[in-house]
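Enquirer: A predicted structure for the sequence below; I have some questions about it.
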Amino acid sequence: MNYAFTALAASGMIDLEAVLFVGVCVMVFFFGICIGSFLNVCILRLPMGESLTKQNSHCMTCGTEIKRYDLIPLFSWLILGGKCRACKAPISPRYSIVEGLTGVIFVLTFVNCDFVNNGFLYPALVCLFIAGVIVVGFQDFDTQHMTTSVLFYIGIVAFATRVLSIVRPTRFRACDVTVLDGIIGFFCVSVPLLIIGFVITPLFYKLFISEEHKSLKNLKKRLKTEKLSDKERAKLEKAAEEKLAVIKENGPVYGFGMGDVLFMAASGLMLGWKACVSATFIAIILGATAAIVIKIKNSKTEGETDNAFAFGPFLAIGVVAALFFGADIFDWYVGLITVPEMM
Ligand SMILES: [Zn+2]
């Protein structure tokens with residue numbers, strides 16, 4: 001068998017390199033959907049503080065423990081037609097989407113990293129990084145919160161990749177980032193996010209938006225400038241105290257979560273500053289589009305609606321896209337806005 005294969009390859013009927021290339025891609029895909037299955041568990045259980053290993057998977061509707069042969073990532077869902085084997089209740093396609101997405105992105109990463117020439121180490125590190133990004137992206141979508149342990153994990157993978165880029169430089173774009181690029185990337189988006197989210201937004205809210213702040217300011221002004229009887233004064237002072245209590249109870253309004261800030265710091269270390277800036281712009285464009293769509297949708301439905309949504313998923317999409325095209329997008333854009341030098 002082996003001999004026959006070698007003979008065929010030697011005769012030129014099989015391109016040995018192409019076979020190996022496809023073989024690695026198929027293996028990476030299967031590995032990816034298995035990791036994706038584990039990521040589903042992380043997305044679901046980490047925010048609730050549940051153990052990742054103890055509990056077995058069970059049907060969300062009837063509670064039946066899912067048999068081992070029905071736990072093959074992606075394929076079980078397809079074979080069962082998206083229904084529980086015991087109670088026929090539909091199983092959310094979300095799990096299979098996460099598995100398939102992870103598999104596809106892992107393959108694209110290996111191909112994009114040119115594993116044939118660069119080896120498996122860099123693409124593997126990038127895949128480990130992307131796995132963490134997928135988890136926090138979906139967590140933020142579900143709960144508007146990112147698990148600190150996963151953010152820490154993303155930071156460690158990024159740090160390891162940067163250390164490796166000193167020891168073993170590579171031609172792969174996403175890893176063709178110097179340590180200095182990474183350090184600038186660490187701060188270049190996270191610090192502005194920190195300032196916008198935790199200084200400018202609360203201040204803007206206090207000065208221009210909050211009704212409580214406005215009326216408190218009004219009351220204080222009246223107490224200072226107007227001539228009031230003792231009775232009126234006491235009444236106004238009491239009202240001011242009540243307003244202050246409401247303001248303290250509601251707490252300040254922040255523009256971003258601390259998770260967004262830490263996530264962009266770790267991602268900047270991985271991407272380098274150019275791609276990190278591209279990632280942020282991709283996220284802002286996608287986020288703004290989504291905000292407009294949500295606003296239009298909500299304006300059609302009556303009653304109280306919630307216009308707030310998580311920004312994390314958009315940052316996650318931006319970061320993954322920037323791993324592939326980030327530096328190129330940045331250079332293309334800079335090329336657009338700068339006048340080409342005369343030769
Ligand atoms: Zn069931």
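Expert: Yep, that arrived.
Enquirer: Would you mind writing the CA trace of the helix or strand harbouring Gly155 as CSV?
Expert: Using DSSP states H and E, Gly155 falls within helix 148-167. C-alpha atoms of helix 148-167 as CSV (Å, rounded to 0.1, in the frame of the first residue of the first chain):
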residue,chain,number,x,y,z
THR,A,148,-11.2,37.7,33.7
SER,A,149,-9.4,34.3,33.5
VAL,A,150,-9.9,34.1,29.8
LEU,A,151,-8.7,37.7,29.3
PHE,A,152,-5.6,36.7,31.3
TYR,A,153,-5.2,33.6,29.1
ILE,A,154,-5.3,35.7,25.9
GLY,A,155,-2.7,38.0,27.4
ILE,A,156,-0.4,35.1,28.1
VAL,A,157,-0.7,33.7,24.6
ALA,A,158,0.0,37.1,23.1
PHE,A,159,3.1,37.5,25.4
ALA,A,160,4.4,34.1,24.5
THR,A,161,4.0,34.9,20.8
ARG,A,162,5.9,38.2,21.2
VAL,A,163,8.7,36.4,23.1
LEU,A,164,8.9,33.8,20.4
SER,A,165,9.1,36.5,17.7
ILE,A,166,12.4,37.6,19.2
VAL,A,167,13.8,34.0,19.3
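Enquirer: Give the next helix or strand downstream of that helix.
Expert: Helix 148-167 is succeeded, C-terminally, by helix 179-188 (DSSP H and E).
Enquirer: Give me the mean pLDDT for the helix holding Gly155.
Expert: Mean pLDDT, helix 148-167: 92.
Enquirer: State the separation between it and the centre of the chain it belongs to.
Expert: From the chain centre to the centre of helix 148-167 is a distance of 16 Å (C-alpha atoms, centre = their mean, to the nearest Å).
Enquirer: again with stretch 22-35
Expert: 23 Å.
Enquirer: Just the buried positions in it, please.
Expert: Val24, Cys25, Val28, Phe29, Phe30, Phe31, Gly32, Ile33, Cys34, Ile35 (16 or more other C-beta atoms under 10 Å). Backbone N, C-alpha and C define where each C-beta goes, glycine included.
Enquirer: Could you list the buried residues of the helix holding Gly155?
Expert: Val150, Leu151, Tyr153, Ile154, Gly155, Val157, Ala158, Thr161, Arg162, Ser165.
Enquirer: quick one: the closest residue in space to the fifth one that isn't next to it in sequence from the ion, how far?
Expert: Taking C-beta to C-beta, 6 or more residues apart in numbering, and ignoring the residues beside it in sequence, Gly155 has Ala266 as its nearest neighbour in space, at 3.9 Å. According to C-beta to the ion, to the nearest Å, Ala266 stands 38 Å off from the ion.
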